[in-house]
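[1] just coords:
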């Protein structure tokens with residue numbers, strides 16, 4: 001995933017908590033924009049126990065906003081979660 005998608009998510013006004021889904025099946029809840037920092041090549045998330053999680057962009061599968069229904073794409077029944085401004 002492009003880091004610009006994560007930048008847009010943390011800069012959203014007003015901020016809306018979101019979930020980052022990773023390729024290994026983990027999900028990271030971002031409840032406040034200060035819990036994440038994004039550099040040129042990687043992102044860092046501060047977890048609930050104050051540990052740092054370094055994210056490689058290629059391992060980020062999606063950015064999702066809980067409670068927002070996915071938009072349908074194509075006729076094959078596939079869907080992808082989008083934010084309300086997508």
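    Arrived safely, thanks for sending. Bear in mind that the values here come from a model prediction, so they are computed numbers and not experimental data.
[2] Would you check that residue 17 makes contact with residue 31?
    Yes. The criterion here is CB atoms under 8 Å, and residue 17 meets it with residue 31 at 4.7 Å. Where you see a C-beta, it was placed from the backbone N, CA and C, and this is true even at glycine.
[3] okay, the two: which has more neighbours?
    residue 17 (14 against 11; other CB atoms under 10 Å).
[4] how much space between the more buried one and residue 39?
    22 Å (CB to CB, to the nearest Å).
[5] lowest confidence element among the helices and strands of this structure?
    Ranking every helix and strand in the chain by mean pLDDT, DSSP states H and E puts strand 79-80 at the bottom, with a mean of 45.
[6] how about the helices in this structure?
    Taking DSSP state H as the criterion, the chain contains helices spanning 3-11.
[7] quick one: average confidence on stretch 51-71?
    In this model, stretch 51-71 has a mean pLDDT of 87.
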